[in-house]
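Trainee: Mind folding the following:
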Amino acid sequence: MIEQKNDDEKKICPDCVGEPYLKAIILKRSVVGTCDYCGNSKLLISIDELATHIERGLTEHYQRTPTEPSSLEYRMINDRESNYDWERQGEPIIELIEYTARLPHEAAKDIQELLSEKYEEYGSDWTEEETEFSSDSFYEEGNSRRLGWINLIWNFDDLDEKLKRQNRYFNKPIQDALDKIFSNLHQVKTKTGHSVLEIAGPEQPIAGLFRARVFQNENALVEALKKPDLNLGPPPRNLARGGRMNAHGISVFYGATSIETAIAETRPPVGSKVLVGNFPITTKLILLNLSKFSEIEAVGSIFDPHFIEEKDKIVFMRHLEERFTKPVMPDDETIDYVTTQVLADYLSQIEHPQLDGIIFKSGQGADAGLNVVLFNKSSKVKRNPVFENSVIEVSTYIDSEDGPETWYSIDIDATPMEGKNPEDKKDESKLDLDINSLTIHHIKKVSYTRDSFSAYYYFKDSGNTQDWKF
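Mentor: Here you go, the predicted model:
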């Protein structure tokens, strides 16, 4: 803190400071005198002390922008076919201080001069080199000096490395970080005041989930139709492969809110067949909706030292949504799924609130459908005794005048059920397959949405390049 050393220091009153956090600091002071900016007799704080609060807030949340174009921007400027016109990004420092602290222009200028003197380096006057808080400097939101700290504690890059190279299951630093990030989830709201927690189940917007399975062999499809509740539901533990949200050997339910998304997420090859069914949710489930994380906004003052922690937490949560949505190449799944698997496992075990699953955007679907994963504890599908105790025959075509036509029919002979009683067990299922919803989709074509970029070659040497042709 800059102490008030003499009566020559300028002082400012709370009426001249519009930012609530800074105003509250002044109102807690005991010094009374005449404000140098409005002339009224009020509680006062020295401009020097106010400058320390403003300095911390701006250095934590803003960064000085480059004074010259980058090498790429220089190339764009010199490109004859480009209309690119470079201008420095950001806001002038005096205007930024005036706006963020809501100060009179004269007070903002005085604070800028104080801070500029603090950061002024020897010789900068005659070298004309811009320093922090120089009067002609520009600032934009962000902070490059804090990136190392953010990466160390919050960012996925560092988290990935720790989980891939260190102990992934008993890592206390990561446990502590996740506890801090996901504490008070029930209090996290979007900009519009909506909770990131969503209720699914009967009479809810998400009342059921679509699940798809790809078949490249018709015999396998036929067998699946004989016991669709078993074969379309989550696999048994011994057959559960590692996925985005589960480690190998842990069975979860991957579903979607639309048929199109469910099919797209299976990445079916042309010529394959996809069996899709709707699984109504039979009880209330609490889901964490990651798709709303991009709508979360930190609320507070940039001059509050605790606000940066909340802001970093939200930055991480937005990265979390991106990571769960990010397409992963098949060759990289084993490694790239480590972080999301650990996070899903962590979320499945927290106690307040007790989550049943996660909602996240689809990286494959072209519609507005969402992906939903139900954790192991909430992924059980009710078994239909008809499929367990009956003789079932499946036909995939019907004869017509023009020859065989595709037609899926399942004949069920339930006679063997006589004299058999289903096992008297407590029903812990959360899902129940609607067999009337089953559809088989023949994949004919696959379309792609893409971004296309040109490759540009630049010659750095000053030699004769006119003989080079491409």
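
Trainee: residues touching the most centrally placed residue in the chain, list them.
Mentor: The centre of the chain sits closest to residue 321, judged by C-alpha atoms, centre = their mean, with a distance of 1.9 Å. With contact taken as C-beta atoms under 8 Å, 6 or more residues apart in numbering, residue 321 is in contact with 290, 291, 293, 294, 360, 361. To be clear about C-beta, it is placed using only N, CA and C from the backbone, and glycine gets the same treatment.

Trainee: count of neighbours near the last one?
Mentor: In terms of burial, residue 361 registers 19 neighbours under the definition other C-beta atoms under 10 Å.

Trainee: and if you look at the third one?
Mentor: One way to gauge burial is a neighbour count; for residue 293, by other C-beta under 10 Å, it gives 22.

Trainee: now it, nearest residue through space, not along the chain?
Mentor: In space, not counting the residues next to it along the chain, residue 293 is nearest to residue 321; the distance is 4.1 Å by C-beta to C-beta, 6 or more residues apart in numbering.

Trainee: Can you verify that neighbour is assigned to a strand?
Mentor: No. When the secondary structure is assigned by DSSP: H, G, I helix; E, B strand; the rest coil, residue 321 falls in helix instead of a strand.

Trainee: If we go by neighbour counts, what in stretch 29-39 is buried?
Mentor: Across stretch 29-39, burial judged by 16 or more other C-beta atoms under 10 Å covers 29, 35, 36, 37.

Trainee: Report the separation between the third one and residue 13.
Mentor: When C-beta to C-beta, to the nearest Å is applied, the distance between residue 36 and residue 13 equals 9 Å.

Trainee: buried set for stretch 341-348?
Mentor: For stretch 341-348, a neighbour-count test (16+ other C-beta under 10 Å) marks 341, 342, 343, 344, 345, 347, 348 as buried.

Trainee: what's the answer for stretch 203-218, then?
Mentor: Judged by neighbour count (16+ other C-beta under 10 Å), stretch 203-218 contains these buried residues: 206, 208, 209, 210, 211, 212, 213, 214, 215.

Trainee: got the contact list for the third one?
Mentor: Right, the one you point to is residue 209. Residues near residue 209 by C-beta under 8 Å, 6+ apart: 253, 255, 256, 257, 278, 279, 281, 372, 374, 431.

Trainee: What are the phi and psi values at the closest residue to it other than its chain neighbours?
Mentor: Ranked by C-beta to C-beta, 6+ apart and with sequence neighbours excluded, the top spatial neighbour of residue 209 is residue 255, at 3.2 Å. Here the main-chain torsion angles of residue 255 (degrees, to the nearest 10) amount to phi -140, psi -180.

Trainee: Kindly report the same for residue 186.
Mentor: For residue 186, the backbone dihedrals (degrees, to the nearest 10) come out as phi -70, psi -10.
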